[in-house]
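1. based on what follows, work out the 3D shape:
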Amino acid sequence: MSHLADLRKSYERAELDESASLADPLAQFELWLQQAISGELPEPNAMTLATVGADGRPSTRVVLIKGCDSRGIVWFTNYDSRKGRELAAHPQAALQFHWVELERVVRIEGQVEKVDAAESDAYFASRPLDSRIGAWASPQSEVISSRSVLVANAARYGAQYLLNPPRPPHWGGYRLVPDRWEFWQGRRSRLHDRLRYRLEAQQWIRERLAP
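-> Below is the predicted model:
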């Protein structure tokens, strides 16, 4: 696959200037996210979540953002999954959004906490029935013998809970509380725009990074 080294793309869609960017990184993120949604990009809410286990081994996976406000970025998952176990060991994480069509990346770092039970309950109740049953049926990240295990579990829990499955105790939300943001806009000649916001004494410091 030597041709991989020859793949090239010139980034020319937009620029990211200090004078045009917003002083609040959350507001800047919400602006870019809304532009990704309005542009009908495929899964604009998909983000890569990076965690580190007790053994120091990093891992990533794609999850979906389900909330965003001044408290942080929210997603929901199985607390007993690999990412859940890693967050229990090291409650820090990094998120990355990559909107290829806009030639943009957003990176977010910070502490992670569980959302309260009421928030997890409310979101779980809003999910489609098959997704609620699936939360019970899947022992996420565990080894299973075949897909038939999932099908059998789904049938069993579907019969048990019918139309009203409660939220499993092992399932709920996490919130990443940002202390660092980075906004990346592709530019020509690989001279990309990178603006970092870091929290210092409760104030956001905006600074440009070399690409």
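
2. buried sites along the longest strand seen in the chain?
-> Assignment by DSSP state E gives strand 171-185 as the longest strand of the chain. Buried residues in strand 171-185, counted by 16 or more other CB atoms under 10 Å: 171-178, 181-185. Just so you know, the C-beta spots here come from the backbone N, C-alpha and C atoms, and that holds for glycine as well.

3. including pLDDT and distance to P165, could those residues go into a markdown table?
-> Listed next are the buried residues of strand 171-185 as a markdown table, based on pLDDT from 0 to 100; distance: CB to CB, whole Å:
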| residue | pLDDT | distance to P165 |
| --- | --- | --- |
| W171 | 98 | 10 |
| G172 | 98 | 14 |
| G173 | 98 | 17 |
| Y174 | 98 | 21 |
| R175 | 98 | 24 |
| L176 | 98 | 27 |
| V177 | 98 | 30 |
| P178 | 98 | 33 |
| W181 | 98 | 37 |
| E182 | 98 | 39 |
| F183 | 98 | 40 |
| W184 | 98 | 41 |
| Q185 | 96 | 43 |
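
4. please name every helix or strand in contact with the longest strand of the chain.
-> Judged by 3 or more CB pairs under 8 Å, 6 or more residues apart in numbering; DSSP states H and E, the packing partners of strand 171-185 are helix 25-38, strand 72-78, strand 104-114, helix 117-126, strand 193-200.

5. hmm, back to that, and the buried residues of strand 171-185, which is closest to A94?
-> Of all the buried residues of strand 171-185, A94 sits closest to L176, with 8.4 Å by CB to CB.

6. and the gap between the closest one and V52?
-> 14 Å (CB to CB, to the nearest Å).

7. and for T77?
-> T77 is 16 Å from V52, by CB to CB.

8. the two: which is more packed in?
-> T77 (20 against 16; other CB atoms under 10 Å).

9. that one is in contact with H170, isn't it?
-> No - in this structure T77 lies outside contact range of H170 using CB atoms under 8 Å: 9.8 Å.

10. where does pLDDT dip in the protein?
-> 1-2, 4-8, 11 (pLDDT under 70).

11. tell me which residue is most central in it.
-> With the centre of the chain defined as its mean C-alpha position, the nearest residue by CA atoms, centre = their mean is M47, 3.7 Å away.

12. so who does it touch?
-> Counting by CB atoms under 8 Å, 6 or more residues apart in numbering, M47 touches V62, V63, L64, I65, I73, W75, L95, Q96, F97.

13. enumerate every residue touching the fifth one.
-> Under the criterion of CB under 8 Å, 6+ apart, the contact partners of I73 comprise M47, I65, G67, L95, I108, R175, L176, P178.

14. export the contacts of M47 as TSV, with columns for distance to V149 and secondary structure.
-> Below are these laid out as TSV (distance: CB to CB, whole Å; DSSP: H, G, I helix; E, B strand; the rest coil):
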residue	distance to V149	secondary structure
V62	23	strand
V63	23	strand
L64	25	strand
I65	30	coil
I73	32	strand
W75	25	strand
L95	31	strand
Q96	32	strand
F97	33	strand
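
15. among those residues, which ones are buried?
-> V63, I65, I73, W75, L95, Q96, F97.

16. picking up where we left off before, can you say which of the helices and strands packed on strand 171-185 is packed in most?
-> Among those, strand 72-78 has the highest mean neighbour count (mean count of other CB atoms under 10 Å), at a mean of 20.
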